[in-house]
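**Student:** Please find the sequence and the predicted model below.
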Amino acid sequence: MTGTWALLRVVLRRDRLLMPLWIVCLAAAPLGYLSSIEAAYPDAASRQHFYDLNASSATFVVRNGPLYGSSAGNLLAWQCGFVPVVVGLVALLTVVRHTRAEEEAGRRELTGATAVGRHAGLAAAVLAACGACLVYGLVVAAGLAAQGVPVAGALALGLGFTSSGWVFAGVGAVAAQLTWGASGARGIGIGGLVLAFLLRAAGDSSGSASWLAWLSPIGWAHRLRPFAGEQWWVLAVGVLATAVFFGTAVLLSARRDLGAALLPARPGRATAKASLRSPWALAWRLQRGTLVVWTGCLALIGLLMGGVAQNVADMMRDNRAVADVLSRMGGGGAVTDAYLAGTMTLFGLAAAGYAVQATLKPRAEEAAGRAEPVLATAVGRLGWASAHWLIALAGSAVLLAVTGLATGLAYGTGASLVPAALAQLPAVWMLAGLAAALIGFVPRFAAAAWGLLGAFLLLSLVGTALRWNDVVLGISPFQHLARLPGGTFAAAPVLWLVLIAAAAGALGLIALRRRDIPVG
């Protein structure tokens, strides 16, 4: 472990912008939820009505977990049921980024040639991810306690999020030892995260198989029971599981060579297929796995959200305040339409995440040193970069269409929600265009595209619920789109957003053609 603290400082320096950004953006969600709950359910009777409708609803339990009571804290903990999944995702991606991705780029070999131990890099990545999750949990707890909720419940809720992040940081550490590529490690880690969510959902929705939830780190966060008689000993389960995963990762790391993996890569063909002999084909080969993972995960969420929509009208019939909140998020007068429109906005933000990741792929190839060999052939810069960008644009359209279809099937209206999902596409494309512009003009800060997405997410979720000024909310392109179903479609905002996306992307490609490659 020699040199762990020095490498930890390197990790924190590299993530000095990204870590605070995700901590602040994710911490804003529970704080915004609490304000919305207190406004929508100001008295015990309205909260009890909410509890009676949702505590036994299988669809709501699958999505958010068990609801243990009718207090504002109970409703808050239930509303935050998906937050452990997001924190776990961020933690495992952070570990993979600073372990397997470093090996794949060749930088781990350089640091390993200095006076550092074999496992120092792995330990530094896990410590950084776990430290960020701990800070996030404490920030959430302090923010909620400042709003007047019981301190014990706020601390339990925040530490439950921390526990999930710690465990999946360990999962990411193990996944990084199994495959030779960072994309494969991410796929294994995300697969484990999905499995954990399904185990939690199956256990919570089935009385006879409730033990399944105890097999899931996400289920442990719920079993901590914030605001419902906290079970502090559950935290020890998460700490023990994290130690087991990290120890396993260390043992696996000791059994493989640097740059190698325990799961061997499949040998390639002696000659490339004809379908790979173009920059478009290469871009598709590099991007297809990412698109499949994003599509599968969002389609699953679409099925859950569509199932919930069947009960929204009954849940909101006697609560005008909640109906007003949903109406501000989107849709027309019908509560169900407003709920579905708000759901489509969430899907648009998620699709923007895919579009940003896919658009930034050329920058990742450049930083890893794989772009130069490709560009040394008869492949031009514009063709190489535009292939990735256009795949991001087309892939986001496919992603939204499939998600809209899945939501409609669960709701019982078939493909009727596909146009509502595709209505988010101009804002998604705008983010992809801005990401392309960052790659061209300021490649060192291309990751700032994630910051833009985080800001738009904050405005769309928290700002809308808290009724922030319309000028501030208008910074997000998602605020200018038609709220479908139920809203009125307007062509002018769509045209403006598409033009901005095209202009930003074109300027980014031109700048890429004129600058040096690579830029460190």
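**Tutor:** Arrived safely.

**Student:** Give me the pLDDT for Lys361.
**Tutor:** Lys361 carries a pLDDT value of 91.

**Student:** actually Ser57, not the one I typed
**Tutor:** For Ser57, pLDDT reads 67.

**Student:** Regarding the chain, what is its longest helix?
**Tutor:** helix 279-316 (DSSP state H).

**Student:** so for that one, what's the average pLDDT?
**Tutor:** 82.

**Student:** what helices or strands is it leaning on?
**Tutor:** helix 44-54, helix 58-64, helix 182-205, helix 320-329, helix 335-359, helix 361-367, helix 381-411 (3 or more Cβ pairs under 8 Å, 6 or more residues apart in numbering; DSSP states H and E). In this view, the C-beta of every residue, glycine as well, is placed from N, C-alpha and C.

**Student:** Mean pLDDT lowest where, among the ones you listed?
**Tutor:** helix 320-329 (a mean of 53).

**Student:** I'd like the helices and strands packed on helix 279-316 written out as TSV, with mean neighbour count and distance to Leu93 added.
**Tutor:** Shown next, in TSV, are the helices and strands packed on helix 279-316 (neighbours: other Cβ atoms under 10 Å; distance: least, Cβ to Cβ, whole Å):
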stretch	mean neighbour count	distance to Leu93
helix 44-54	16	31
helix 58-64	20	23
helix 182-205	21	6
helix 320-329	18	28
helix 335-359	25	10
helix 361-367	22	13
helix 381-411	22	18
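
**Student:** of all these, which lies closest to Val519?
**Tutor:** helix 361-367 (7.3 Å; Cβ to Cβ).

**Student:** That closest one packs against which elements?
**Tutor:** helix 279-316, helix 371-375, helix 381-411.

**Student:** Just put those in TSV and tack on distance to Val126.
**Tutor:** Formatted as TSV, those follow (distance: least, Cβ to Cβ, whole Å):
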stretch	distance to Val126
helix 279-316	23
helix 371-375	30
helix 381-411	31
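
**Student:** Show me what stretch 218-236 is in contact with.
**Tutor:** 65-66, 68-69, 71, 73-74, 76-77, 81, 84-85, 88, 149-150, 152-154, 156-157, 159-161, 163-164, 167, 196-197, 199-200, 203-204, 212-214, 237-238 (Cβ atoms under 8 Å, 6 or more residues apart in numbering).

**Student:** Which ones among those map onto helices?
**Tutor:** Checked against DSSP H, these include these in helices: 73-74, 76-77, 84-85, 88, 152-154, 156-157, 159-161, 163-164, 167, 196-197, 199-200, 203-204, 237-238.

**Student:** before we move on, back to that, just the buried ones from the contacts of stretch 218-236?
**Tutor:** Buried members of the contacts of stretch 218-236, scored by 16 or more other Cβ atoms under 10 Å, are 65-66, 68-69, 71, 73-74, 76-77, 81, 84-85, 88, 149-150, 152-154, 156-157, 159-161, 163-164, 167, 196-197, 199-200, 203-204, 212-213, 237-238.

**Student:** Check which residues of the helix or strand encompassing Pro20 are buried.
**Tutor:** Following DSSP states H and E, one finds Pro20 within helix 18-40. By neighbour count on 16+ other Cβ under 10 Å, the buried set for helix 18-40 is 18-19, 21-23, 25-34, 36-38, 40.

**Student:** How about stretch 276-296?
**Tutor:** Result for stretch 276-296 [16+ other Cβ under 10 Å]: buried residues Pro279, Trp280, Leu282, Ala283, Trp284, Leu286, Gln287, Thr290, Leu291, Val293, Trp294, Thr295.

**Student:** Next: stretch 437-456.
**Tutor:** Buried-residue list, stretch 437-456, by 16+ other Cβ under 10 Å: 437-441, 443, 446-450, 452-454, 456.

**Student:** Report the mean confidence score over that stretch.
**Tutor:** 88.

**Student:** Compute the first-to-last residue distance for it.
**Tutor:** Separation of the first and last residues of stretch 437-456 by Cα to Cα, to the nearest Å is 18 Å.

**Student:** Show me the contact partners of that stretch.
**Tutor:** Here stretch 437-456 has contacts from 17-18, 21-22, 25, 349, 352-353, 356, 359-360, 362-363, 366, 385, 427, 431, 434-435, 475-478, 504-505, 507-512, 515, 519-520, using Cβ under 8 Å, 6+ apart.

**Student:** Spatially central residue for this structure, please.
**Tutor:** Val86 (5.6 Å; Cα atoms, centre = their mean).

**Student:** residue contacts, it?
**Tutor:** Neighbours of Val86 in contact, by Cβ under 8 Å, 6+ apart: Leu26.

**Student:** Can you read off the pLDDT for it?
**Tutor:** On the pLDDT scale, Val86 gets 89.
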